[in-house]
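Chemist: A structural model of the following input is requested.
(one chain, ligands or ions: 1)
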Amino acid sequence: MEALKSIALLDSGVGGLTVVKEILDQLPHERIVYFGDTARMPYGPRPQEEVRKFSMQIIDFLQTQDIKLVIVACNSASAAGLPYYQQNVKYPVIGVIEPGVRAALSYTAIKKVGVIGTDGTINSGAYEECIRRLDPQVEIYSMACPLFVLIVENNLITAKETKKVAEEYLKPLKEVGVDVLILGCTHYPLMAEVIQEVMGPKVRLISSAEETAREAKEILKGNNLLNPSDNSCHHRFFVSASPENFVGIGENLINIKVKAYQVILPGI
Ligand code: DGL
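Modeler: Numbering: from 1, shown residues only. Now for the predicted structure:
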(Lines give C-alpha, C1' and ligand atoms only; values in the text may rest on other atoms or scores of the structure.)
Protein backbone atom coordinates (compact mmCIF):
# COMPACT_ATOMS: atom_id res chain seq x y z
CA MET A 1 0.00 0.00 0.00
CA GLU A 2 1.47 3.31 -1.17
CA ALA A 3 0.58 5.22 2.01
CA LEU A 4 2.75 2.92 4.14
CA LYS A 5 5.86 3.85 2.17
CA SER A 6 8.53 6.26 3.41
CA ILE A 7 9.27 9.94 2.94
CA ALA A 8 12.76 10.29 1.47
CA LEU A 9 15.02 13.21 2.41
CA LEU A 10 18.50 14.10 1.25
CA ASP A 11 21.21 16.56 2.18
CA SER A 12 25.00 16.79 2.05
CA GLY A 13 25.15 15.87 5.76
CA VAL A 14 23.28 16.56 8.99
CA GLY A 15 21.54 19.74 7.78
CA GLY A 16 18.48 17.98 6.40
CA LEU A 17 17.83 16.56 9.84
CA THR A 18 16.41 19.98 10.74
CA VAL A 19 13.66 19.14 8.24
CA VAL A 20 13.37 15.58 9.60
CA LYS A 21 12.77 17.05 13.05
CA GLU A 22 9.77 19.00 11.75
CA ILE A 23 8.44 15.99 9.85
CA LEU A 24 8.60 13.93 13.03
CA ASP A 25 6.65 16.66 14.84
CA GLN A 26 4.02 17.32 12.19
CA LEU A 27 3.73 13.81 10.72
CA PRO A 28 4.58 11.44 13.57
CA HIS A 29 3.21 8.37 11.79
CA GLU A 30 5.41 8.71 8.74
CA ARG A 31 8.50 6.64 8.11
CA ILE A 32 11.66 8.48 7.12
CA VAL A 33 14.48 7.36 4.89
CA TYR A 34 17.35 9.84 4.92
CA PHE A 35 20.59 10.15 3.01
CA GLY A 36 23.45 12.44 4.13
CA ASP A 37 26.21 12.67 1.52
CA THR A 38 28.88 13.16 4.18
CA ALA A 39 31.71 11.90 1.95
CA ARG A 40 31.14 14.72 -0.55
CA MET A 41 29.99 17.56 1.69
CA PRO A 42 30.14 20.52 1.59
CA TYR A 43 28.04 20.96 -1.54
CA GLY A 44 28.16 24.76 -1.30
CA PRO A 45 31.48 25.32 -3.09
CA ARG A 46 30.82 22.74 -5.82
CA PRO A 47 29.58 23.61 -9.34
CA GLN A 48 25.80 23.39 -9.74
CA GLU A 49 26.08 20.66 -12.31
CA GLU A 50 28.04 18.44 -9.96
CA VAL A 51 25.61 19.02 -7.08
CA ARG A 52 22.72 18.17 -9.42
CA LYS A 53 24.47 14.96 -10.47
CA PHE A 54 25.22 13.91 -6.86
CA SER A 55 21.65 14.69 -5.81
CA MET A 56 20.15 12.72 -8.66
CA GLN A 57 22.42 9.77 -7.81
CA ILE A 58 21.16 9.86 -4.22
CA ILE A 59 17.54 10.22 -5.28
CA ASP A 60 18.01 7.16 -7.49
CA PHE A 61 19.29 5.24 -4.47
CA LEU A 62 16.36 6.48 -2.37
CA GLN A 63 13.93 5.36 -5.08
CA THR A 64 14.98 1.78 -4.32
CA GLN A 65 13.82 2.21 -0.69
CA ASP A 66 10.04 2.01 -1.01
CA ILE A 67 9.25 5.71 -0.97
CA LYS A 68 6.28 7.94 -1.82
CA LEU A 69 7.71 11.51 -1.66
CA VAL A 70 11.16 13.09 -1.99
CA ILE A 71 12.20 16.15 0.00
CA VAL A 72 15.39 17.79 -1.19
CA ALA A 73 16.28 18.97 2.32
CA CYS A 74 19.26 20.94 1.07
CA ASN A 75 19.15 24.46 -0.34
CA SER A 76 22.27 23.96 -2.45
CA ALA A 77 20.79 20.86 -4.06
CA SER A 78 17.37 22.54 -4.46
CA ALA A 79 19.01 25.59 -6.09
CA ALA A 80 21.06 23.35 -8.37
CA GLY A 81 18.13 21.60 -9.99
CA LEU A 82 14.75 21.14 -8.34
CA PRO A 83 12.88 21.23 -11.70
CA TYR A 84 15.35 18.66 -13.06
CA TYR A 85 14.66 16.22 -10.20
CA GLN A 86 10.93 16.81 -10.56
CA GLN A 87 11.11 15.91 -14.25
CA ASN A 88 13.18 12.78 -13.68
CA VAL A 89 11.59 11.22 -10.60
CA LYS A 90 8.32 9.34 -10.56
CA TYR A 91 7.32 10.58 -7.08
CA PRO A 92 6.47 14.15 -6.03
CA VAL A 93 9.67 16.09 -5.24
CA ILE A 94 9.76 19.24 -3.10
CA GLY A 95 12.63 21.54 -2.16
CA VAL A 96 13.23 23.93 0.72
CA ILE A 97 13.57 27.31 -0.98
CA GLU A 98 10.00 28.33 -1.78
CA PRO A 99 8.58 27.20 1.58
CA GLY A 100 11.18 29.35 3.39
CA VAL A 101 10.48 32.34 1.18
CA ARG A 102 6.75 32.11 1.83
CA ALA A 103 7.35 32.12 5.57
CA ALA A 104 9.76 35.07 5.32
CA LEU A 105 7.32 37.15 3.28
CA SER A 106 4.62 36.58 5.83
CA TYR A 107 6.83 38.02 8.59
CA THR A 108 8.61 41.00 7.05
CA ALA A 109 6.92 44.25 8.07
CA ILE A 110 9.43 46.58 6.40
CA LYS A 111 10.00 44.42 3.30
CA LYS A 112 13.73 44.08 3.88
CA VAL A 113 14.71 40.44 3.84
CA GLY A 114 18.17 38.97 4.41
CA VAL A 115 19.19 35.59 3.01
CA ILE A 116 22.20 33.59 4.12
CA GLY A 117 23.32 30.34 2.51
CA THR A 118 26.18 28.50 0.88
CA ASP A 119 28.14 30.00 -2.02
CA GLY A 120 26.26 27.72 -4.41
CA THR A 121 22.83 28.78 -3.18
CA ILE A 122 23.59 32.50 -2.99
CA ASN A 123 25.36 32.63 -6.37
CA SER A 124 22.54 30.71 -8.04
CA GLY A 125 20.16 33.61 -7.39
CA ALA A 126 17.44 31.07 -6.55
CA TYR A 127 16.23 33.02 -3.50
CA GLU A 128 16.14 36.34 -5.36
CA GLU A 129 14.18 34.76 -8.18
CA CYS A 130 11.67 33.20 -5.80
CA ILE A 131 11.23 36.31 -3.62
CA ARG A 132 10.79 38.58 -6.66
CA ARG A 133 8.25 36.20 -8.14
CA LEU A 134 6.18 36.20 -4.93
CA ASP A 135 6.67 39.86 -3.94
CA PRO A 136 8.58 42.21 -6.27
CA GLN A 137 8.48 45.02 -3.66
CA VAL A 138 10.86 43.30 -1.25
CA GLU A 139 14.48 44.45 -0.88
CA ILE A 140 16.78 41.44 -0.68
CA TYR A 141 20.22 41.33 0.93
CA SER A 142 22.15 38.08 0.49
CA MET A 143 25.34 36.79 2.04
CA ALA A 144 27.18 33.51 1.61
CA CYS A 145 28.44 32.05 4.90
CA PRO A 146 30.45 29.03 3.72
CA LEU A 147 32.16 28.28 7.04
CA PHE A 148 28.88 27.68 8.86
CA VAL A 149 28.41 24.22 7.30
CA LEU A 150 31.87 23.12 8.41
CA ILE A 151 31.26 24.52 11.89
CA VAL A 152 28.08 22.44 12.20
CA GLU A 153 29.47 19.24 10.68
CA ASN A 154 32.51 19.43 12.96
CA ASN A 155 30.53 20.12 16.10
CA LEU A 156 32.08 23.56 16.65
CA ILE A 157 28.89 25.54 17.26
CA THR A 158 29.84 26.48 20.81
CA ALA A 159 33.51 27.20 20.03
CA LYS A 160 34.42 30.80 20.87
CA GLU A 161 35.65 31.57 17.33
CA THR A 162 32.20 30.70 15.97
CA LYS A 163 30.59 33.89 17.23
CA LYS A 164 33.39 35.96 15.67
CA VAL A 165 32.89 34.20 12.33
CA ALA A 166 29.15 34.87 12.55
CA GLU A 167 29.69 38.54 13.43
CA GLU A 168 31.97 38.96 10.44
CA TYR A 169 29.52 37.37 7.97
CA LEU A 170 26.38 39.00 9.34
CA LYS A 171 27.67 42.55 9.85
CA PRO A 172 26.46 43.90 6.47
CA LEU A 173 22.96 42.42 6.98
CA LYS A 174 22.78 43.89 10.45
CA GLU A 175 23.87 47.31 9.21
CA VAL A 176 21.30 47.38 6.46
CA GLY A 177 18.53 46.63 8.99
CA VAL A 178 16.68 43.58 7.67
CA ASP A 179 13.76 42.49 9.89
CA VAL A 180 13.70 38.89 8.64
CA LEU A 181 16.65 36.62 7.94
CA ILE A 182 16.17 33.43 5.94
CA LEU A 183 18.47 30.63 7.04
CA GLY A 184 18.94 29.48 3.46
CA CYS A 185 20.91 26.37 4.32
CA THR A 186 19.45 23.50 6.28
CA HIS A 187 22.57 23.34 8.44
CA TYR A 188 22.06 26.87 9.76
CA PRO A 189 19.11 26.27 12.12
CA LEU A 190 21.61 24.30 14.20
CA MET A 191 23.43 27.61 14.69
CA ALA A 192 20.27 29.65 15.25
CA GLU A 193 21.23 30.66 18.78
CA VAL A 194 24.49 32.33 17.81
CA ILE A 195 22.97 33.86 14.64
CA GLN A 196 20.12 35.33 16.73
CA GLU A 197 22.57 36.67 19.28
CA VAL A 198 24.52 38.44 16.54
CA MET A 199 21.48 39.78 14.65
CA GLY A 200 19.67 40.89 17.82
CA PRO A 201 16.23 39.96 19.15
CA LYS A 202 14.24 42.08 16.69
CA VAL A 203 15.26 40.08 13.64
CA ARG A 204 13.06 37.08 12.91
CA LEU A 205 15.02 34.02 11.78
CA ILE A 206 13.30 31.78 9.25
CA SER A 207 14.11 28.11 8.92
CA SER A 208 12.33 26.54 5.98
CA ALA A 209 11.96 23.25 7.86
CA GLU A 210 8.55 23.99 9.35
CA GLU A 211 7.04 25.22 6.07
CA THR A 212 8.56 22.35 4.13
CA ALA A 213 7.02 19.81 6.50
CA ARG A 214 3.68 21.57 6.11
CA GLU A 215 3.97 21.36 2.33
CA ALA A 216 4.87 17.65 2.56
CA LYS A 217 1.76 17.10 4.66
CA GLU A 218 -0.43 18.91 2.12
CA ILE A 219 0.94 16.85 -0.75
CA LEU A 220 0.49 13.55 1.06
CA LYS A 221 -3.02 14.52 2.12
CA GLY A 222 -3.95 15.67 -1.38
CA ASN A 223 -2.77 12.37 -2.84
CA ASN A 224 -4.31 10.20 -0.14
CA LEU A 225 -0.87 9.13 0.96
CA LEU A 226 -0.85 9.98 4.67
CA ASN A 227 0.26 6.92 6.61
CA PRO A 228 -2.85 5.62 8.41
CA SER A 229 -0.91 3.50 10.90
CA ASP A 230 -0.25 4.74 14.42
CA ASN A 231 2.52 2.28 15.14
CA SER A 232 5.86 3.74 16.12
CA CYS A 233 7.97 4.11 13.03
CA HIS A 234 11.18 2.55 11.95
CA HIS A 235 13.32 5.20 10.29
CA ARG A 236 16.40 4.55 8.17
CA PHE A 237 19.48 6.74 7.85
CA PHE A 238 22.23 6.36 5.27
CA VAL A 239 25.49 8.26 4.90
CA SER A 240 28.30 8.08 2.37
CA ALA A 241 31.18 8.36 4.91
CA SER A 242 31.72 6.91 8.36
CA PRO A 243 28.52 7.40 10.42
CA GLU A 244 29.91 8.40 13.87
CA ASN A 245 29.77 12.19 13.63
CA PHE A 246 26.42 12.07 11.88
CA VAL A 247 24.91 9.85 14.59
CA GLY A 248 26.24 12.05 17.41
CA ILE A 249 24.88 15.30 15.98
CA GLY A 250 21.71 13.63 14.69
CA GLU A 251 20.63 12.04 17.96
CA ASN A 252 21.14 15.32 19.74
CA LEU A 253 19.01 17.15 17.22
CA ILE A 254 16.08 14.84 16.62
CA ASN A 255 16.00 13.14 20.00
CA ILE A 256 15.58 9.60 18.79
CA LYS A 257 18.02 6.74 18.46
CA VAL A 258 19.77 7.06 15.12
CA LYS A 259 21.43 4.06 13.53
CA ALA A 260 23.12 5.11 10.31
CA TYR A 261 24.51 2.83 7.62
CA GLN A 262 27.33 3.72 5.30
CA VAL A 263 26.59 3.32 1.60
CA ILE A 264 29.43 3.49 -0.88
CA LEU A 265 28.02 5.23 -3.95
CA PRO A 266 29.72 4.62 -7.29
CA GLY A 267 32.27 7.35 -7.97
CA ILE A 268 33.13 8.05 -4.31
N1 DGL B 1 22.64 21.86 4.01
C2 DGL B 1 22.90 22.20 2.68
C3 DGL B 1 22.15 23.41 2.23
O4 DGL B 1 21.04 23.58 2.68
C5 DGL B 1 24.28 22.00 2.12
C6 DGL B 1 25.43 22.63 2.77
C7 DGL B 1 26.72 22.23 2.10
O8 DGL B 1 26.98 21.03 1.97
O9 DGL B 1 27.49 23.13 1.69
O10 DGL B 1 22.60 24.19 1.41
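
Chemist: Count residues in the vicinity of G44, would you?
Modeler: 27 (other Cβ atoms under 10 Å). For the C-beta atoms, the positions are set from N, CA and C on the backbone; glycine is no exception.

Chemist: so how far is the ligand from it?
Modeler: Distance of G44 to the ligand, computed by Cβ to the nearest ligand atom, to the nearest Å: 3 Å.

Chemist: Equivalent analysis for D66, please.
Modeler: Counting by Cβ to the nearest ligand atom - D66 and the ligand are separated by 25 Å.

Chemist: Over to G95?
Modeler: 10 Å.

Chemist: Where does S229 sit: helix, strand or coil?
Modeler: coil (DSSP: H, G, I helix; E, B strand; the rest coil).

Chemist: and the helix or strand encompassing I59 with the ligand, contact?
Modeler: Assigned by DSSP states H and E, I59 belongs to helix 48-62. No - judged by Cβ under 6 Å from any ligand atom, helix 48-62 stays clear of the ligand, getting no closer than 8.6 Å.

Chemist: Now do the buried residues in that helix.
Modeler: Q48, V51, R52, K53, F54, S55, M56, Q57, I58, I59, F61, L62 (16 or more other Cβ atoms under 10 Å).

Chemist: Low-confidence regions, the stretch 151-268 of the chain specifically.
Modeler: Applying pLDDT under 70 to the stretch 151-268 of the chain picks out residues 232.

Chemist: Around the ligand, pick out the residues from it.
Modeler: Taking Cβ under 6 Å from any ligand atom as the criterion, the stretch 151-268 of the chain approaches the ligand at residues C185, T186, H187.
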